[in-house]
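Asks: would you be able to build a 3D model of this:
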Amino acid sequence: MIRRMLIDIIDDEPHVREVLAEIIEILGYESRQFSSGDAYLTFVLEAGYQPPSVMISDVRMPGMDGYSLMRRVHALYPAIQIIIVTGYHEVKDKCADVPHEFMRKPFNPEVLEATLEAFNKG
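Replies: Take a look at the predicted model:
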């Protein structure tokens, strides 16, 4: 079943957030942007929080890293699909305990599109 998706983008690099948001908009989805894991977790814990369909998070950010954020968000909202992105040589299975997709920066827009379409159909 195809559904309208809201995608939250968490990355400390403004350019990366903007590019991801632009691609997501071109694909017909909506997005919200956050500059850190700490800022996003604060938002998640607010009353009235509306969970997204997908969370895309960088790994290495000041404060809370993407892996810690992924675990915290998954514990609260296990239905959120998660994509972890990194420009570093991270170990793909570092968070095997939490279901997620893993993408390297610079990411391929076609791979992102296919991943989001798979989530949307799932």
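
Asks: helices and strands around the helix or strand hosting Ile9, which ones?
Replies: For Ile9, the host element (DSSP states H and E) is strand 6-10. On a contact count with 3 or more Cβ pairs under 8 Å, 6 or more residues apart in numbering; DSSP states H and E, strand 6-10 meets helix 14-26, strand 30-34, helix 37-44, strand 54-58. Heads up, the C-betas are built off the backbone N, CA and C, glycines and all.

Asks: ok, and what's touching the first one?
Replies: So the one you mean is helix 14-26. 7, 9, 11, 30-31, 33-35, 56, 58, 85, 105, 109, 112-113, 116 (Cβ atoms under 8 Å, 6 or more residues apart in numbering).

Asks: who wins for neighbours among the residues you listed?
Replies: Taking other Cβ atoms under 10 Å as the neighbour criterion, Ile56 ranks highest of the contacts of helix 14-26 with 28 neighbours.

Asks: next up, phi/psi of the closest residue to that residue other than its chain neighbours, please.
Replies: Distances taken as Cβ to Cβ, 6 or more residues apart in numbering place Ile83 nearest to Ile56, at 4.5 Å, with adjacent residues excluded. Per-residue torsions, Ile83: phi -120, psi 130 (degrees, to the nearest 10).
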